[in-house]
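Visitor: build me a model:
(one chain, ligands or ions: 3)
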Amino acid sequence: MEMFPYASMRDSFDLRSYVVLGPDDTKGRDVADVVRYALHGGASFIQLRAKHADVRDIVAMAADIAAVIEDEGKADTVAFVIDDRVDAALEARHKGIKVDGVHIGQDDNDPQEARRLLGRDAIVGLSAKTPDDMRRAEALPQGTVDYLGAGPWHETSTKPDCIVVGDDGVKHTLDAATLHALHALTTLPIVVGGGVKAADIPDLAASDADGWFVVSAVTAADDPEAATRELVDAWQAVRGDTMHDHPAAALLPTTLPAALSIASTDSSGGAGVPVDIKTMMANGVFAECVICAITAQNTKGVTHLEELSPQAIVKQIDAVYDDIAPAAVKIGMVPSIEGINAVADGLQANKATNIVVDPVMVATSGAKLINDDAIATLTSRLFPMATLITPNLPETRVLLETIGSSIDPQDEDGMEQAGLAIAQHFGCSVLVKGGHGLADANDVLVNADGTTQWFRGERINNPNTHGTGCTLSSAIAANLAKGQTLVDAIANAKRYITGALRQMLELGTGSGPFDHAWMWR
Ligand SMILES: Cc1ncc(COP(=O)(O)OP(=O)(O)O)c(N)n1
Ligand SMILES: Cc1ncsc1CCOP(=O)(O)O
Ligand SMILES: [Mg+2]
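Guide: Numbering: from 1, shown residues only. Ligands and ions are numbered 1, 2, ... in the order given. So this is what the prediction gives:
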């Protein structure tokens, strides 16, 4: 997971004076030293382009460059990106090195993948030389790319392969007229480079370019500071102090689908509302909660339980729906008839949809979590509202008993029959979870129309299973909130929980919890 403590520069980077450099370009001089000279000369953007270095060396160079930018008091104004290597940029950012993003070409990482990996705060620059490149960049989802790099203005030995060869087989450099046509195809700012020297700046500054980028004009100069200043001054002489606009996409607010957990707390954090929130967050939704009871609990058992009043439950549900209406709901432990009625009334009044009910009855520790007389209310009030209920085998047996069925869910055929009896009785889909069986972790989805789907899971020999049911049901609700089909929501939730169980987290002296943020470690 990325731990980047700096403000994003996506809405403040300055493309006007863009210096690209790496160890191959600086004539034996230290790259960070040349960056310092370029900054003294007025460089507004720095790119590390180290074509022959490995990730470790790139990250080490990036640390030196970021330190120089910081030392020069320009960390808030001069953006610093890494060429090509999204992996190195990620690693540097993870280490807290101020790398503001990447520059990628048409043959490098896919821009959407780079954006996904780096997150919404990073700058993603993309090379685009042809009308097709421009159109493809423009067709990307808004906010994928922040600027475009075009060229070459002249053929250049720094990157001989960057020359555009037309359909006629003739090599083309970029001129003001071609740039004008490219510019018309995009809303993104364009920085232009390739063989650019000080003498080119008046023409470039009079074109649609939003800035210049150079390698050799600065890195090969005996005095990189003076060379940078000459370029900066020549641009400023034509353009004055005007900077390019930033694409509005960088400023777009994010939004998240919300999912709601209606359940009870577990003070040990391994089950109930705390774990539902962790799971929902890990599965990419905004988690909300309605507390029905508080338990004093750890991996060894429950030592105290105190319910909230029905009024408090309804008020919480109303508050949630009145503002951030959840796209899916998971219902867990609601211990009493009054509580269950309050939940049903609250959800009905707010026209809740995508309801997943985990019919919590007994904790992994053996503690009873629902009053016996409340089971009938749970099934009669909440099941008919549910999209899905997720009983484990012991809960399936209790439910079969309540509907007077003698089916035994001891094997796959029995699980299917049991699921069908329950689904048809209550008019909702049922996921009969086989995790309490001995040999496997196969679950079956049975719909009220009789259709079934098996989800075959790897049985992980992990004794720590506290909160498994809560986790699976809230992951399913999170996936439904994201718009997934029921089948996809279950399949993805099972993948998530399998990954979590595989980590073999060891906490507590009883049946312990597992690591809900496993995929971010
Ligand atoms: C600002 C800027 N523009 C273009 C490029 C070239 O990127 P790419 O086409 O991926 O070629 P390489 O630099 O990776 O050889 C750039 N680096 N910077
Ligand atoms: C990286 C790159 N992309 C297009 S041209 C180029 C190299 C520019 O180098 P120089 O300024 O030395 O011609
Ligand atoms: Mg590249």
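Visitor: where does pLDDT dip in this structure?
Guide: Counting by pLDDT under 70, the chain contains low-confidence residues at 1-3, 363-368, 436-440.
Visitor: what lines up beside the longest strand anywhere in it in the sheet?
Guide: The strand that spans the most residues within the chain, counting by DSSP state E, is strand 286-298. For strand 286-298, the pairing partners within the sheet under DSSP bridges are strand 258-266 (parallel), strand 301-307 (antiparallel).
Visitor: next, format those as TSV and append mean neighbour count and distance to residue 351.
Guide: Every C-beta, even on glycine, is put in place using the N, C-alpha and C of the backbone. Formatted as TSV, the entries for these read as follows, by neighbours: other CB atoms under 10 Å; distance: least, CB to CB, whole Å:
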stretch	mean neighbour count	distance to residue 351
strand 258-266	28	13
strand 301-307	14	26
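Visitor: shouldn't residue 507 be in contact with residue 513?
Guide: Yes: under the criterion of CB atoms under 8 Å, residue 507 is in contact with residue 513, at a separation of 6.1 Å.
Visitor: for the helix or strand residue 315 falls within, packing partners?
Guide: Using DSSP states H and E, residue 315 falls within helix 310-323. Helix 310-323 is packed against strand 258-266, strand 286-298, helix 337-349, with contacts defined by 3 or more CB pairs under 8 Å, 6 or more residues apart in numbering; DSSP states H and E.
Visitor: what about the shortest one, distance to the chain center?
Guide: Looking back up the chat, that one is strand 258-266. With CA atoms, centre = their mean, to the nearest Å as the basis, the distance from the averaged C-alpha position of strand 258-266 to the chain average is 22 Å.
Visitor: now do stretch 131-144
Guide: The gap between where stretch 131-144 is centred and where its chain is centred comes out at 22 Å by CA atoms, centre = their mean.
Visitor: try stretch 148-161
Guide: In terms of CA atoms, centre = their mean, the centre of stretch 148-161 is set 35 Å apart from its chain centre.
Visitor: ok, back up a step: can you say which of the strands paired with strand 286-298 is nearest to residue 471?
Guide: Among these, strand 258-266 comes nearest to residue 471, with 11.2 Å by CB to CB.
Visitor: helix or strand right after that closest one?
Guide: Scanning the chain past strand 258-266 towards its C-terminal end, the next helix or strand to appear is helix 272-282 (assignment: DSSP H and E).
Visitor: kindly report the residues of the stretch 51-200 of the chain close to ligand 3.
Guide: Proximity of the stretch 51-200 of the chain to ligand 3 is assessed by CB under 5 Å from the ion, with 84, 105, 108 identified as the residues in range.
Visitor: just send the residues you listed back as CSV, with secondary structure and neighbour count too.
Guide: Rendered in CSV, the data for these read as follows (DSSP: H, G, I helix; E, B strand; the rest coil; neighbours: other CB atoms under 10 Å):
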residue, secondary structure, neighbour count
84, coil, 19
105, coil, 17
108, coil, 16
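Visitor: contacting residues around the nearest residue to residue 313 once chain neighbours are set aside?
Guide: Using CB to CB, 6 or more residues apart in numbering and skipping the chain neighbours, the partner closest in space to residue 313 is residue 342 (4.0 Å). Going by CB atoms under 8 Å, 6 or more residues apart in numbering, residue 342 touches 310, 311, 313, 314.
Visitor: what about the third one, distance to residue 520?
Guide: Using CB to CB, to the nearest Å, one gets 33 Å for the distance from residue 313 to residue 520.
Visitor: of those two, who's got more company?
Guide: Neighbour tally, residue 313 and residue 520, criterion other CB atoms under 10 Å: the higher count belongs to residue 313, 25 against 9.
Visitor: for the more buried one, which residues are in contact?
Guide: Applying CB under 8 Å, 6+ apart as the definition, the contact partners of residue 313 turn out to be 262, 290, 292, 339, 342, 343, 346.
Visitor: tell me the bridge partners for the second one.
Guide: So the one you mean is residue 290. For residue 290, the beta-bridge assignment (DSSP bridges) gives partners residue 262.
Visitor: what sits against it?
Guide: Contacts here follow CB under 8 Å, 6+ apart; on that basis residue 290 touches 260, 261, 262, 263, 313, 316, 317, 320, 343, 346.
Visitor: if we ignore the residues flanking it in sequence, what's nearest the fourth one?
Guide: Spelled out, it's residue 263. residue 332 (3.1 Å).
Visitor: do the same with residue 375
Guide: Excluding its sequence neighbours, the residue lying closest to residue 375 (CB to CB, 6+ apart) is residue 402, at 6.3 Å.
Visitor: ok, which stretches of the stretch 1-150 of the chain are helices?
Guide: Ranges of helices within the stretch 1-150 of the chain are 31-41, 55-71, 86-94, 111-118, 131-139, based on DSSP state H, counting those that start in this stretch.
Visitor: related to what we said a few turns ago, with neighbour numbers in mind, choose between residue 507 and residue 513.
Guide: A direct count of neighbours by other CB under 10 Å for residue 507 and residue 513 places residue 513 higher, at 28 against 16.
Visitor: contact partners for that one?
Guide: Residues counted as contacts of residue 513 (CB under 8 Å, 6+ apart) are 268, 269, 270, 271, 275, 299, 464, 466, 467, 505, 507.
Visitor: please identify the helix or strand for it.
Guide: Secondary structure assignment for residue 513, by DSSP H and E: no helix or strand.
Visitor: tell me how far it lies from residue 9.
Guide: Distance check for residue 513 against residue 9: by CB to CB, it reads 39 Å.
Visitor: in the stretch 1-150 of the chain, what residue lies closest to ligand 2?
Guide: At 5.6 Å from ligand 2, residue 20 is the closest residue in the stretch 1-150 of the chain, using CB to the nearest ligand atom.
Visitor: so that residue versus residue 192, what's the distance?
Guide: As defined by CB to CB, residue 20 lies at a distance of 12 Å from residue 192.
Visitor: on that earlier part again, any idea of the angle the longest strand of the chain forms with helix 272-282?
Guide: Angle of strand 286-298 versus helix 272-282, following axes from the mean of the first three to the mean of the last three CA atoms, to 10 degrees, is 140 degrees.
Visitor: pull out the buried residues from stretch 167-179.
Guide: Across stretch 167-179, burial judged by 16 or more other CB atoms under 10 Å covers 173, 174, 178, 179.
Visitor: not counting it itself, show me its contacts.
Guide: When contacts are defined by CB under 8 Å, 6+ apart, stretch 167-179 is touched by residues 129, 150-155, 163-166, 182, 190, 192, 194-195, 203, 206-209.
Visitor: hmm, that stretch touching ligand 2?
Guide: No: contact check for stretch 167-179 against ligand 2, using CB under 6 Å from any ligand atom: none in range, with a minimum separation of 9.9 Å.
Visitor: leaving out the residues flanking it, which one is nearest to the residue of the stretch 1-150 of the chain closest to ligand 2?
Guide: Excluding the flanking residues, the one nearest residue 20 by CB to CB, 6+ apart is residue 47, at 4.3 Å.
Visitor: ok, now which ones touch that neighbour?
Guide: By CB under 8 Å, 6+ apart, the residues touching residue 47 are 18, 19, 20, 21, 80, 81, 82, 83, 103, 213.
Visitor: can you tell me how far it is from ligand 3?
Guide: Shown here: residue 47 relative to ligand 3, a distance of 10 Å by CB to the ion, to the nearest Å.
Visitor: in the sheet, who's paired with that residue?
Guide: Under the criterion used (DSSP bridges), residue 47 bridges to residue 20, residue 81.
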